[in-house]
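Novice: everything below, folded, please.
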Amino acid sequence: MPGSPRSRRRFTTALAGFGLLLTGAAVQVGTGTPARAATTHRVLFDNAHAETAGNADWIISTSQPDPLGQDSSPSAETDWTGALSSWGVALQKTGGYSLKTLPSGSSLAYGGSSATDLSNFDTLVLPEPNTMFSAAEKTAIMNFVKNGGGLFMISDHTGADRNNDGYDAVEIFNDLMTNNSVDSTDPFGFSVDSLSIGSDHPAAVADSTDPVLHGSFGTVGKSLIASGTTATLKPADNPGVKGLLYRTGYSGNTGAFFATSTFGSGRVAFWGDSSPVDDGTGQSGNTLYDGWNDSGATNAPLALNATEWLAGAGGGGGGGGTCTAAQLLANPGFESGATSWTATSGVITADTGEAARTGSYKAWLNGYGSAHTDTLAQTVSVPAGCTSATLGFHLHVDTDETTTSTAYDTLKVQVLNSSGTVLSTLATYSNLNAASGYTRRSLNLASYAGQTVTIKFTGTEGSTLQTSFVIDDAALDVG
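Specialist: Below you'll find the predicted structure:
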């Protein structure tokens, strides 16, 4: 039954904002999913930074954003048009990848509602960008990787300014790593060398356990330089950086032609030349070179294994791994008070104005009968190997509102990254969801595997009649 506005808190049963909410008799809004899905691996190829300038044709298809618009079931690389079509078609034929292209004229973003927002992808491929990333784009890229995304950086030699705007890929990548708002202190542990190396076949290091060199697409022996560059590694800045293929005569921290690293929960791969991914076919008017099938190299397995690793599909390092069935929330029934939760004062309470489902404590948001906002949140890490992650909790909504059509008081359940950016609003509850007793709610969070996220409830109450949102007995079960 409805309660009166409590003198101190609320005097009704409602749902608290515990940090993970889900579906139910509420409005469910999916405004994007986080990086690194648990099943189909989602890859975004960038074409918004002059990747087709000059003789470059670094696209998987002319149909953008969706290459399936050109051919929905490609069997040969010529079924899609672009110098990267061999790469795209090879991934598409596995049945385990969803590929998209960010078209020219677009901008990279993270945490928004666009279909090409980075929050909808596991991996971003930057194939020799020729225009600088904006400050907002650099923030988006860095947060994407930090929160579990994979970043594939493909450079070219210094001076390869294909659109004559004063910047080449070497400068653009170094600017990304040294001039961003997230971490400009050598976040990936390497810098791109200002070199123009004419030709070479860089060799792979001896590491039989590396998933990029020995992945499901084959074993990598050598790659190709046809006017390219290398990277200088700085493991003191990031111990996760690792050189996989080196220019002839080089090893250790210099002359790395292909390198991998990690940042936050994400993974990074660097390749010093675009020639190895060029399949020699593309749009008319371009002079292309078939490096993909170069007889002295194994470029196709290198590109495909690296994509698999970046997307979290392969083993070892970064966001890969196994999953042990477990319940992840700390203090899920609130019986230890505010331990492990961040909440507005008074939200986690043993106040008898609203009964707990079990025990004495629950999370009680709003219920004041005046303009008020309450929050409840907990940060959790979902293991990368998990294919299921279900948040469950019991919710009671109590209100003095009499309307049957207007949501005056609301409770939003959102997922945030470590920077506080909202990745998704999972559901919105309101006074219209009022009912006697507790109702169990559940939400599928499997798409957040491999990420550390904050689950946040925000209750917002209007200026007159009270609505209480009360939560108890929460759980985040993975397996």
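Novice: just the helices from this protein, written as ranges.
Specialist: Remark: helices assigned in the chain by DSSP state H are 85-94, 135-146, 169-178, 299-310.
Novice: quick check: beta-bridge partners of the nearest residue to residue 145 once chain neighbours are set aside?
Specialist: Once flanking residues are discounted, residue 145 sits nearest to residue 266: 3.7 Å by CB to CB, 6 or more residues apart in numbering. Glycine gets a C-beta too; all of them are placed from N, C-alpha and C. Note on residue 266: beta-bridge partners by DSSP bridges are residue 263.
Novice: can you tell me how far residue 266 sits from residue 455?
Specialist: Relative to residue 455, residue 266 is positioned 20 Å away (CB to CB, to the nearest Å).
Novice: list the residues that contact the closest residue to residue 198 other than its chain neighbours.
Specialist: With CB to CB, 6+ apart as the criterion, residue 198 has its nearest non-adjacent residue at 6.2 Å, and that residue is residue 227. By CB atoms under 8 Å, 6 or more residues apart in numbering, the residues touching residue 227 are 156-157, 160, 196-199, 273, 275.
Novice: again with residue 371
Specialist: Residues near residue 371 by CB under 8 Å, 6+ apart: 461-463.
Novice: ok, back up a step: neighbours of the residue nearest to residue 145, just the number please.
Specialist: Applying other CB atoms under 10 Å, we find 29 residues neighbouring residue 266.
Novice: sorry, back to before: out of the helices of the chain, deepest packed?
Specialist: Neighbour counts (mean count of other CB atoms under 10 Å) averaged over each of the helices of the chain peak at helix 299-310, with a mean of 25.
Novice: angle of it against helix 85-94?
Specialist: 60 degrees (axes from the mean of the first three to the mean of the last three CA atoms, to 10 degrees).
Novice: got the angle between helix 299-310 and helix 135-146?
Specialist: Here helix 299-310 points in a direction 80 degrees away from that of helix 135-146 (the same axes, to 10 degrees).
Novice: where do the strands sit along the stretch 301-450 of the chain?
Specialist: Along the stretch 301-450 of the chain, counting by DSSP state E, counting those that start in this stretch, strands occupy 326-327, 342-343, 348-349, 362-366, 372-382, 389-399, 410-416, 422-430, 439-444.
Novice: out of these, which is the most enclosed?
Specialist: Greatest average neighbour count among these goes to strand 362-366 (a mean of 33), per mean count of other CB under 10 Å.
Novice: strands paired with it, and their directions?
Specialist: Here strand 362-366 has these sheet partners by DSSP bridges: strand 348-349 (antiparallel), strand 467-478 (antiparallel).
Novice: got CSV for the ones you listed, with mean pLDDT and distance to residue 451 too?
Specialist: Formatted as CSV, the strands paired with strand 362-366 follow (pLDDT from 0 to 100; distance: least, CB to CB, whole Å):
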stretch, mean pLDDT, distance to residue 451
strand 348-349, 96, 25
strand 467-478, 91, 12
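Novice: now distance to residue 244 too, for those strands, in CSV please.
Specialist: Below are those laid out as CSV (distance: least, CB to CB, whole Å):
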stretch, distance to residue 244
strand 348-349, 49
strand 467-478, 31
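Novice: closest to residue 285 out of those strands?
Specialist: strand 467-478 (51.3 Å; CB to CB).
Novice: for that closest one, what is the distance to the chain centroid?
Specialist: Chain-centre distance of strand 467-478: 26 Å, with CA atoms, centre = their mean, to the nearest Å.
Novice: and the angle from that strand to strand 372-382?
Specialist: 0 degrees.
Novice: and the closest residue in space to residue 216 that isn't next to it in sequence, what does it touch?
Specialist: Nearest residue to residue 216, sequence neighbours excluded (CB to CB, 6+ apart): residue 308, at 6.4 Å. Contact analysis of residue 308 by CB under 8 Å, 6+ apart lists 41, 211, 215-217, 314.
Novice: next one: residue 287
Specialist: Counting by CB under 8 Å, 6+ apart, residue 287 touches residue 55.
Novice: ok, it to residue 260 distance?
Specialist: 31 Å.
Novice: residue ranges in this structure under the pLDDT threshold?
Specialist: Counting by pLDDT under 70, the ranges of the chain that qualify are 1-39, 313-323, 385.
Novice: domains of it?
Specialist: Taking automatic domain parsing as the reference, the chain has its domains at 27-32+324-478, 41-310.
Novice: my guess is residue 205 contacts residue 252, does it?
Specialist: No: Residue 205 lies out of contact with residue 252 (CB atoms under 8 Å); the separation is 10.3 Å.
Novice: residue 292: how many residues sit nearby?
Specialist: Based on other CB under 10 Å, the number of other residues close to residue 292 is 24.
Novice: next one: residue 346
Specialist: 16.
Novice: and what of the one 10 residues further on?
Specialist: A count of nearby residues for residue 356, using other CB under 10 Å, gives 25.
Novice: so what's it up against?
Specialist: 334, 350, 362, 472.
Novice: closest to residue 115 out of those residues?
Specialist: The closest of those to residue 115 turns out to be residue 472 (CB to CB; 37.1 Å).
Novice: what's the neighbour count on that closest one?
Specialist: Neighbours around residue 472, by other CB under 10 Å: 27.
Novice: so it sits against residue 392, correct?
Specialist: No: in this structure, residue 472 is not within contact of residue 392 by CB under 8 Å, at 11.3 Å.
Novice: residue 205 and residue 252: which has the busier surroundings?
Specialist: residue 205 (15 against 10).
Novice: quick check: closest non-adjacent residue to the more buried one.
Specialist: Nearest non-adjacent residue to residue 205 (CB to CB, 6+ apart): residue 244, at 6.0 Å.
Novice: confirm for me that the one you found is in contact with residue 204.
Specialist: Yes: applying CB under 8 Å as the test, residue 244 and residue 204 come out as touching, 6.1 Å apart.
Novice: anything in contact with each of the two?
Specialist: By CB under 8 Å, 6+ apart, residue 244 and residue 204 have these common neighbours: 213, 220.
Novice: distance check, the closest residue to residue 152 other than its chain neighbours against residue 375.
Specialist: Using CB to CB, 6+ apart and skipping residues adjacent in sequence, the residue nearest residue 152 is residue 125, 4.4 Å away. According to CB to CB, residue 125 stands 37 Å off from residue 375.
Novice: that concludes my questions; thank you for your assistance.
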